[in-house]
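Enquirer: Fold the following, please.
(2 chains)
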Number of protein chains: 2
Amino acid sequence: MRQSKLFMPTLKEAPADAVAESHKLMLRGGYVRQVTAGVYAYLPLGYRALSKAEQIMREEMAKINVPEMAMPNLLPATLWEESGRWQKYGPEMFKLKDRHGRQSLLGPTHEETFTDIVAKDLKSYKQMPIALFQIQSKFRDENRPRFGLLRSREFIMLDAYSFAATKEQLDQQFDDEKKAFTAAFERCGLKVTPVIADSGTMGGKNSTEFQAPAAIGEDTIATNETGTYSANLEMACSIDTFKQEKEEPGQLAEVATPEQESIADLVKFLNIPATRIVKSVLYVANEKENILVLIRGDKEVNEVKLKHLLDVDSLRIATDEELANITGVGKGSVGPLKADWADKVVADNTVKNLYNVVVGANKSGYQIKNVNLNRDFTPDLFGDIRVANEGEPDPIDHLPLKFTTTIEVGHIFKLGTYYTKAMGANFLDQNGKSQPVIMGSYGIGVTRVLSAVIEQHLTPNGIAWPKEIAPFDLHIVQMKMKDDDQTSLAQKLEEKYSAKYDVLYDDRNERAGVKFADADLLGAPVRVTVGKKASEGVVEVKKPTEDKATEMTLSELDDFINKELR
Amino acid sequence: MRQSKLFMPTLKEAPADAVAESHKLMLRGGYVRQVTAGVYAYLPLGYRALSKAEQIMREEMAKINVPEMAMPNLLPATLWEESGRWQKYGPEMFKLKDRHGRQSLLGPTHEETFTDIVAKDLKSYKQMPIALFQIQSKFRDENRPRFGLLRSREFIMLDAYSFAATKEQLDQQFDDEKKAFTAAFERCGLKVTPVIADSGTMGGKNSTEFQAPAAIGEDTIATNETGTYSANLEMACSIDTFKQEKEEPGQLAEVATPEQESIADLVKFLNIPATRIVKSVLYVANEKENILVLIRGDKEVNEVKLKHLLDVDSLRIATDEELANITGVGKGSVGPLKADWADKVVADNTVKNLYNVVVGANKSGYQIKNVNLNRDFTPDLFGDIRVANEGEPDPIDHLPLKFTTTIEVGHIFKLGTYYTKAMGANFLDQNGKSQPVIMGSYGIGVTRVLSAVIEQHLTPNGIAWPKEIAPFDLHIVQMKMKDDDQTSLAQKLEEKYSAKYDVLYDDRNERAGVKFADADLLGAPVRVTVGKKASEGVVEVKKPTEDKATEMTLSELDDFINKELR
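Expert: All right, here's what the predicted structure looks like:
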């Protein structure tokens, strides 16, 4: 391809509102342009990289025998009413009415459509297991779209769905997809960690996220050094290393702690360690149940884990006003003793094996000391509901946990019968009995993969694209378009290598400085500069990770290219 | 690919509401399923054929150096307000509001987006000519979606846009695109005729449609036998072969014609040929101008041609009520004499060279006879505004016109500066003068191509896919899955030919009748049945256009496959 025919509008500076490095590079290099908030046009360079990533994903899906198909974007509300998500999904769903007033939506994900079109058509266990995938635009009306393609409102996703007659078939498909996803990320040049994850509003209980380390990432993962344990911080567990010496239970006593609201306040005011305090936090579950949550003073409540333990649809911390109305006391004075207003008292495991602790007195401005579990209060439920801390031992091999900021690029779910039960997708099993189809769903954020790859492969002036998804393999840059020797050599190289590689030939009548700056932003694995020594058959060759170019004869160049790009 | 892993839900009968043969085949063969009115899921078979057609189109675009990119589907209303089409486009546009109340739309076409993102970025004539294309879903809220993929509400389109500094560059790009489109259709196995077409609401004056002959088509084209003239009937011209002998002008005389409203009524009532009558029809242009249109009694007005002649945005025939209010007389009595209420009188060329004709008297229930052009009335404007008739000589080579029912599969437009002027997309020309970019746009209805190909390649029990877009090249059908000789041979053939061709192996435990019926619906160019003689190394081979299969040895099969599929 000739660069004069390629629309690649480069910028000297990224717009001020671009924060993420990948976003800046994509704007500066002419990979994408914003059409409206969180909605992007993929210009030829961005499109080429995306297409190559998609092609890799297609090949990996083919290896596990998953055929491709395509669902529409425009979906009828009725399907989502069947599953119950029409109401539940929230304001991220783009809703619209057609000319006849029929309620529709733009697909943010396709569990309902696949259940309706595929699962309902599977009449017998003989037709299963089967899986299908698609790569297409998805639509989510993010409240604050940001970081370019990382959190956009129209984005490209690969989503696969599997349909099984037995749990074993689902497990097998889940493993296959995990393998295929891992292979696809690797071929895209993306470092990724699969982690234990929360299924969120997707339904099902068992899910794995693929997290790509990057400074701009919005997620945090906890991993041990050997990789035997890795989890999204939302789900991470760790071993609590604190141990209190056993003490004889003392006598309960009120302590005035005026205006001391936080644990830090109490630690200072009472001159005791935070581990001597049990913190009480009031939550509202399903918008109706008052849940009093207890945790040792040096730890924080993990709401995702709490939600799983309680098995509720919604959970949120009570507002100050609700707290006052329900308990009759102010923030910092709530506690587990005589907490009759609580529908349920849940305690983190860190509350076990403590002696003579301080808790809120349920009397404004007071705490009670010498409080002891079982003697003075008894939670309805214990569990691990705390945020893991960096450095604590992981629960598998007891190695210290390390935290990393990451971008979520994929997520695979064992959905089970969540959708098929709701939507009546049943099959006849070997015994002729009707059973709901067992589903899995598997997603890659394709446009996010592109952003994450860029975040991981930036250079000081541009990018060094991984070979398999580089928009072009080989960039031939001719210095002077009016020099016939250069033109002749550049065209010869273009013709020769185009047969085997994706070649871009910079044939623009531009200054060398402009051409080199654009070449840095383009980041092809091999750059060949055809300049002064063209008549001698000598060119300059540079990889984007190198500072300086190397002079090569044409035969040296040939060896180099075939080695680098093979 | 193993058929047991392919989701291909075939039906014995097409649903009763499927009318088009291509729609029936796609439903019966498990190529598509309807998700909601006019919105389809492309199942693996349909998706494969579509992908192959798209790949052909990509290759043809590459040959004319047009890079691929992708615009989003979700577009801001502001862009369409700039061009003026937010109001003009009509109820086929899907409109929606985002969570912040901003007005958006689903792209029905992308002239505005390309003008904004590309044309506005072209600062100098040096950057042109350039062209870009995309293949993606488009959305049009058809009032009556029908015929499956032929008139759907979400469909796949290839749309290309060119940007030129001069009219010559536009002409060159238009020719290139025409060549590329023609080549793509041919490779898809689709018979197509390029015809002179109306640009409709797209802007620009010069456009060519690609029309595929098919019984279900909604268009009609007029062509001569040598192909030197071909036009959409909306735009077709023909030579009027009627000649009236010259007569001396007679005296005007009123004739009572009570309750005679149509030309046919008058012909009968007055016992004269229709060619002796001049018909008067009242139109309303731009919702404000009264246009009286005159045409010889044996011909019909072509509204598209009339609209072009008048150069108006909107045009419609006056209602009976409007007619009465404006002219003061009823239908059938309107005429050109003393028609002061008409803002403009326009006559078709057939009104020239007539003598002593009958026209409406502008008095209810009366005509006037012996009316003569110029003596009695003088139109403001003459032109060719009539519907061409089959059999009339074409305007180029004077050969008889033949009418054919067709499906519009592509349309290319010389848009000129319609959008760039409205949206302020200017560049500096060689003299440093600011000029609007000159655009062209070029579209293929990809999903329509699929329907049209099927319409043209049906067989009594299924389809015979053209080689280049067949979902699978080779279909291996094993008769008995429990026969080890058959399994061994079928797998050997699968492995051997998968390296070079797209092979589907029917490994399902189904009866032969089911397998053969499905194979007819699948329509692979070569079907190999592995049956009783597997142990002797003999198979049965059949092309979908043949009634009977032929026995072949494996080496005969090899020759046959390499000949048929090369």
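Enquirer: pLDDT of stretch A:222-236, averaged?
Expert: The average pLDDT for stretch A:222-236 rounds to 95.
Enquirer: Output it as CSV, nothing but the C-alphas.
Expert: This file holds the C-alpha atoms of stretch A:222-236, laid out as CSV (Å, rounded to 0.1, in the frame of the first residue of the first chain):
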residue,chain,number,x,y,z
ALA,A,222,-3.6,-9.9,43.5
THR,A,223,-1.1,-12.6,42.5
ASN,A,224,1.6,-14.6,44.1
GLU,A,225,5.0,-14.8,42.5
THR,A,226,4.6,-18.4,41.2
GLY,A,227,1.3,-17.6,39.6
THR,A,228,-0.5,-20.4,41.5
TYR,A,229,-2.9,-17.9,42.8
SER,A,230,-4.4,-14.9,41.0
ALA,A,231,-7.6,-13.1,41.6
ASN,A,232,-9.3,-9.8,40.9
LEU,A,233,-8.9,-7.8,44.2
GLU,A,234,-12.8,-7.8,44.2
MET,A,235,-12.5,-11.6,44.8
ALA,A,236,-9.0,-12.0,46.3
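Enquirer: List the buried residues for it?
Expert: Neighbour-count burial for stretch A:222-236 flags A:222-224, A:229-236 (criterion: 16 or more other CB atoms under 10 Å in any protein chain shown). Yep, even glycine has a C-beta here, placed from its N, CA and C like the rest.
Enquirer: Which two among the residues you listed are spaced furthest apart?
Expert: Farthest-apart pair in these is A:Asn224 and A:Glu234; separation 17.3 Å (CB to CB).
Enquirer: Look up phi and psi at A:Glu300.
Expert: Note on A:Glu300: its backbone torsions stand at phi -120, psi 150 [degrees, to the nearest 10].
Enquirer: which stretches of the stretch 1-150 of chain A form strands?
Expert: Counting by DSSP state E, counting those that start in this stretch, the segments of the stretch 1-150 of chain A that form strands are A:32-36, A:39-42, A:74-76, A:95-97, A:103-106, A:130-139.
Enquirer: highest average neighbour count across those?
Expert: Burial of the strands of the stretch 1-150 of chain A is given as mean neighbour count (mean count of other CB atoms under 10 Å in any protein chain shown); strand A:39-42 ranks first at a mean of 24.
Enquirer: contacts for that strand?
Expert: The contact list for strand A:39-42, computed with CB atoms under 8 Å, 6 or more residues apart in numbering or on different chains, reads A:31-35, A:50, A:145, A:148-149, A:152-154, A:447, B:69-72, B:74-76, B:113, B:117.
Enquirer: Please apply the same query to stretch A:488-505.
Expert: A:1-3, A:6, A:48, A:470-476, A:478, A:507, A:522, A:524, A:528, A:530, A:534, A:537, A:539, A:557, A:561, A:565.
Enquirer: try stretch A:252-259
Expert: For stretch A:252-259, contacts defined as CB under 8 Å, 6+ apart pick out A:265-266, A:269-270, A:332-333, A:358, A:361, A:363, A:365-371, A:376.
Enquirer: In contact with A:Pro72, which residues?
Expert: Contacts of A:Pro72 (CB under 8 Å, 6+ apart): A:107, A:113, B:35, B:39-41, B:137, B:154.
Enquirer: will you turn the strands of the stretch 1-150 of chain A into CSV that also has mean pLDDT and distance to A:Leu381?
Expert: Listed next are those as CSV, based on pLDDT from 0 to 100; distance: least, CB to CB, whole Å:
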stretch, mean pLDDT, distance to A:Leu381
strand A:32-36, 97, 48
strand A:39-42, 98, 45
strand A:74-76, 98, 40
strand A:95-97, 97, 39
strand A:103-106, 98, 38
strand A:130-139, 98, 38
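Enquirer: and these as CSV, adding distance to A:Ile454?
Expert: As requested, the strands of the stretch 1-150 of chain A are exported to CSV (distance: least, CB to CB, whole Å):
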stretch, distance to A:Ile454
strand A:32-36, 11
strand A:39-42, 13
strand A:74-76, 31
strand A:95-97, 33
strand A:103-106, 27
strand A:130-139, 19
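Enquirer: Dihedrals phi and psi, the residue nearest in space to the middle of chain A?
Expert: With the centre of chain A defined as its mean C-alpha position, the nearest residue by CA atoms, centre = their mean is A:Glu408, 1.6 Å away. For A:Glu408, the backbone dihedrals are phi -80, psi 120 (criterion: degrees, to the nearest 10).
Enquirer: Near A:Pro91, how many residues? Count them for me, please.
Expert: Residues within reach of A:Pro91, counting by other CB atoms under 10 Å in any protein chain shown, total 13.
Enquirer: Apart from its neighbours in sequence, what residue is nearest it?
Expert: Nearest non-adjacent residue to A:Pro91, counting by CB to CB, 6 or more residues apart in numbering or on different chains: B:Arg99, 4.9 Å away.
Enquirer: wait, doesn't the one you found sit right on A:Asn143?
Expert: Yes - in this structure, B:Arg99 is within contact of A:Asn143 by CB atoms under 8 Å, at 6.7 Å.
Enquirer: what residues are up against A:Met552?
Expert: A:538-541, A:560.
Enquirer: if I pick A:Ile216, what's in contact with it?
Expert: Counting by CB under 8 Å, 6+ apart, A:Ile216 touches A:19-22, A:147, A:150, A:405, A:407, A:455.
Enquirer: just A:Gly462 next, same as before
Expert: Counting by CB under 8 Å, 6+ apart, A:Gly462 touches A:25, A:29, A:519-523, A:544.
Enquirer: which stretches of chain A aren't confidently modelled?
Expert: Counting by pLDDT under 70, chain A has low-confidence residues at A:200-205.
Enquirer: how is it carved up into domains?
Expert: A:19-211+A:404-454, A:253-383, A:472-565 (automatic domain parsing).
Enquirer: possible to save the ones you listed as a markdown table with distance to B:Leu309?
Expert: As requested, the domains of chain A are exported to a markdown table (distance: least, CB to CB, whole Å):
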| stretch | distance to B:Leu309 |
| --- | --- |
| domain A:19-211+A:404-454 | 32 |
| domain A:253-383 | 65 |
| domain A:472-565 | 46 |
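Enquirer: which of those is buried the deepest?
Expert: Compared across the domains of chain A, domain A:19-211+A:404-454 shows the largest average neighbour count, a mean of 21 (mean count of other CB under 10 Å).
Enquirer: Out of the domains of chain A, flag the one nearest B:Arg276.
Expert: With CB to CB as the criterion, B:Arg276 lies closest to domain A:19-211+A:404-454 of those, at 46.4 Å.
Enquirer: gap between the two ends of that closest one?
Expert: Domain A:19-211+A:404-454 has its terminal residues 14 Å apart, counting by CA to CA, to the nearest Å.
Enquirer: Likewise for stretch A:298-318?
Expert: End-to-end for stretch A:298-318, by CA to CA: 21 Å.
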